[in-house]
Every structure is written in structure tokens, then in C-alpha cells.
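Colleague: fold the following, please.
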Amino acid sequence: MPPSKRNGMESIKQLIGSTQVDREVTVKGWVRTKRGNAYVNFVAVNDGSTVHNIQCVFDMQQFTDADLKDVGTGACVEISGKLVASQGKGQAVEVQANTLKVHGVADPEEYPIQPKKHSLEFLREKAHLRMRTSTFSAVFRVRHALTFAIHKYFNDRGYFNIHSPILTGTDGEGAGEMFRVSTLDPKKPPLTENGDVDFSEDFFGKQTSLCVTGQLEAELAALALSKVYTFGPTFRAENSNTSRHLAEFWMIEPEVAFCDIHGNMDIAEDFLKETIRYVMETCPDDIEFLSSRLTEEEKNLPQDKRQPMELKEKLKFVVENNFERITYTEAVDILKSSKPNQKGQFEYPVNEWGVDLQSEHERFLVEKHFKKPVIITGYPAKIKAFYMKLNEDGRTVAAMDILFPGIGEIVGGSQREERYEVLLQKVRDFHIPEESVWWYLETRKFGTVTHSGFGLGFERMMMFITGMTNIRDVIPFPRTPKNCEF
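Modeller: Just a heads-up that it's a prediction; the model follows:
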């Protein structure tokens, strides 16, 4: 059975693209709009397979008002009839209805997703229904395509997918912003002699949390299988109610043995280009719709609040350009002497080596200075994670960040520190309990090798590809501070 057919019938996407007309078909989906008069009614139906609706035409000499009384926006219908060439504008084909079955009625007085413009804030409150809108159906079709593209990319290149644990006793990022998992009585937990909660009495016999990364476990797998990747949910208890933060999000984290920082950059650049290209080729109608939507949304925004380029242009900007590669030191020198910095236009001035680059700095390098995606390497060790390879200068690490237009950092990665003594010292410098990472340290004792990897926040990538400006709008059910609905 072709993938576009469901239960033996064609999807609306397939019907709209069909050149075989004057044949009997069946349409199943949800009503987007209904309009008409005493002679004819037009019902637009969508089944989620495409951003486009199919128009079903009801001859009111064959049907009565009573037949169509339950056919309103949101109703679920099954319509059989003849697929014919359309006489109207905007569609190539339409269905001349012969039979109608209403599976589920949507009360027009109560159904919240009416055929009018709704704010994204309102639709977040209706996350159980927002996928029925054109915007969100397009977003989540793109999400599927991107998911498939990522798995396809790695599978085609001999990587093995590793399911890293969701429950962990290790803070992989060292940030400490983790959700604790416990079966202890919250009202009366067991206590130690000094009054602390006695986690030895807990389910796992130790303090346990939801993972913030699968990287450390992926490294273990790479040191046996050579090329692996994880793709799973991660969690961060960061109390940031912003358009760029989620408490639950998805990460892609490849790890490759026998690979240094230069090979890591090559892999990441190719990966980003190929997955974006796949989505552009697979979801052209959705990208076109989202691009038009973004252009329309930005008409009322001041120039400095708009995206630097139109959505399709932005995607081509990444796919068609070689990424510029510079060191952190070179980036700081460029930023220090830049006009925005000299004129005090940066919110965070760049005055000295060692500062943590902000999104405004990253976007300047991409959009204004180089006019292409940028990879920065050689960051100060003090602002990067403990597991990154210490360079020979003793003050920088073999880290890399990839910067995109409109968003800044999209990928962060590094060559991992494979030397046992150096890694042990860094664990101590970062005040990480050695007993919590004993297994990670031990891999540096037995058959250690140069290896590298990077992390891509899936939702951040989704924001870039779809043009959505709030991360809550690219995940089906966002988890944020004070919000865990659905």
C-alpha cells in the first residue's frame, strides 16, 4: 500500500496532486470552513497530510440544509463523490459530493479554533487542538521530516543509534539545574544524622535526576562502536520563562572515535546542510506556507525586530555557503573593533578576551561581517564544560560553536579530553564528585583514543527551519515553569 494511502484510500495530499479525474473518491478529515447559498455549499476539508484543503461541493438539489447542519468548522466528516477538475481559483481539483457521513460534531458555539486569525499565545492554551490549524500542522509535518532526516543521515553513514538513559545519577553539564527523581515520602523523608535527606534509602540508593544530556553515555558507546548518536528527551530545571527555553526538549548528540576537532566540524557542517536540504525538498508546501506566514507577521514589526532574511532565503543561505571557520580570539578581535561595539550598540560590550559571546555578537559575525554561517573554535577553558580537550596553550579548549543567522548558536561541540590525568584534574577543578563519574574517567584508562562530538537542540533547529520565534511553538506539548498541561 502506498504510504500516502490510509485504510485503502488516498490522502488529501495525494488527491490534490492527482491528474486522474472523473473518478469516485472518499475524503476523510476535519472541516476547516463551510460556505454557500441555497443552491450550493462548499466545504473545505483537511486530513493533516498537507497544508492545503480539498474543496467538497454539495449540490443543494441533492442535499438539504438538515443534511449539512452538523457540518461546521472542526467537525469530522467522511465525504464520497467524484474527483473533478475545479472550476474555481486556487485548486486544481475538487470533489462533487454524493454521500456524507459526520463522524463527530463540533459545537460552533464552543469550538475554539474558528476560521479566523488566532494568536499563538491563545493556541498554546489549546495545544490539544492547535495541530488542526494550518500553521501548526505545517510545523509538525516539518518536525517529522526533520526527525526522519536526522536518523537517515546517520544511518546512511554507518552510525549506530544509542538510547541513552533518562534517569541519571550524574550532572553531565555541571550546571546543577536538574529535576530530582525520588520515591521517598515528600512529607517525611528519611534523614541522615546531620539532618540531610538520606538518599541511600531512595529507590536507586542515591540521589537521581532526569538527564540533561546523553553525551557522556554516548562517548562510552563510541569507544566501542566508533560512530554513534543519541536522539532523545532531555530535561533542565532552569526557571527561565523565555521564548528560547523549555524544561523538556530533545537533543541530537553524535560521538565519533578517531575524530579530532577538525573532523568534528566537517561532520557537523555536512549534517546541518543535508538535513535542512532534505526538509526543503520534502516539505516545499509547508516551507512556502511558513515563509509567507512569517513575512506577513513581520510587516507590523519594526525593522530591527524582523528576521535578517526571508525564510527560504535563510535556509538556502546555510545550504549553499561554506561555513567560515575562525578562532575565538579572532572573533573577539573582530567584535572589539566592530562599529556596533565602538558605538556602544551592543547590549554586552566586548572589551577583553575571555568574555562569553552573546547572541548579538554571534549574529553580527554571521549576518554582518562574514555573511555566511560561522564556526568558532578555541574557546577559553573557563567558560566551557569539563570534558572538552585542553589545548596546548593551557587556557583554551578544542571546542566549537556553529552560528546561524537569526538565532546565533545552533550547535555546540568539542574534541573530548581523552587524557586521564588531565580529565581527572578538570573534574576536580569543576568540583564534580569523582565517585559520580568514575565510569567516565575509567574509559580514559582502558583503550583511550581521540574522539569528538557535538549537540544539536532539536527545537532550536526547528525554530530555525520553520521561522517560529517561540520555542513553545515547535514542540507539541511544551513544558515550562508553572506549565505541565496535557
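
Colleague: the helices in the protein, which residues?
Modeller: All helices of the chain, identified by DSSP state H, fall at 12-16, 120-125, 134-156, 215-225, 261-282, 284-298, 311-320, 328-336, 339-342, 359-363, 420-429, 438-442, 458-466.

Colleague: what about the third one, average pLDDT?
Modeller: The predicted model gives helix 134-156 an average pLDDT of 98.

Colleague: F203: how many residues sit nearby?
Modeller: Residues near F203, counting by other Cβ atoms under 10 Å, number 12. Any C-beta I mention is one placed from the backbone N, CA and C, and that applies to glycine too.

Colleague: so in terms of bridging, what pairs with the closest residue to F458 other than its chain neighbours?
Modeller: Leaving aside its sequence neighbours, F458 sits nearest to W250 (Cβ to Cβ, 6 or more residues apart in numbering; 3.9 Å). W250 has the following beta-bridge partners by DSSP bridges: P233.

Colleague: which residues are in contact with W250?
Modeller: 231-234, 457-459, 475 (Cβ atoms under 8 Å, 6 or more residues apart in numbering).

Colleague: if you set the cut-off to 7 Å instead, what comes out?
Modeller: Residues near W250 by Cβ atoms under 7 Å, 6 or more residues apart in numbering: 231-233, 458-459.

Colleague: please convert the buried members of these into ChimeraX selection syntax.
Modeller: Per 16 or more other Cβ atoms under 10 Å, the buried members of the contacts of W250 correspond to this ChimeraX selection:
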select :231,232,458,459
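
Colleague: ok, so of the contacts of W250, who is nearest Q307?
Modeller: E459 (17.5 Å; Cβ to Cβ).

Colleague: got the confidence number for the closest one?
Modeller: At E459, pLDDT is 98.

Colleague: is it correct that it is in contact with V474?
Modeller: Yes: between E459 and V474 there is a contact under Cβ atoms under 7 Å: 5.2 Å.

Colleague: which stretches of the stretch 351-486 of the chain have low pLDDT?
Modeller: Within the stretch 351-486 of the chain, no range satisfies pLDDT under 70.

Colleague: what about stretch 318-327, average pLDDT?
Modeller: 97.

Colleague: which residues touch the closest residue to V256 other than its chain neighbours?
Modeller: Of all residues not flanking V256 in the chain, K227 sits nearest, at 5.2 Å (Cβ to Cβ, 6+ apart). With contact taken as Cβ under 7 Å, 6+ apart, K227 is in contact with 158-160, 256.

Colleague: just the ones of those residues in strands?
Modeller: When strands are assigned by DSSP state E, the members of the contacts of K227 inside them are 160, 256.

Colleague: what's the closest non-adjacent residue to the residue lying farthest from the centre of the chain?
Modeller: Distance from the centre of the chain peaks at Q61, with 49.5 Å (Cα atoms, centre = their mean). In this structure, Q61 finds its nearest non-sequential neighbour in Y39, 7.7 Å apart by Cβ to Cβ, 6+ apart.

Colleague: so that neighbour sits against F58, correct?
Modeller: No: judged on Cβ under 7 Å, Y39 makes no contact with F58 at a distance of 10.0 Å.

Colleague: who has more neighbours, the two?
Modeller: A side-by-side neighbour count of Y39 and F58, using other Cβ under 10 Å, places F58 first with 25 against 9.

Colleague: which strand residues bridge the more buried one?
Modeller: N41.

Colleague: wait, it touches A97, no?
Modeller: Yes: using Cβ under 7 Å, F58 is in contact with A97, at 4.9 Å.
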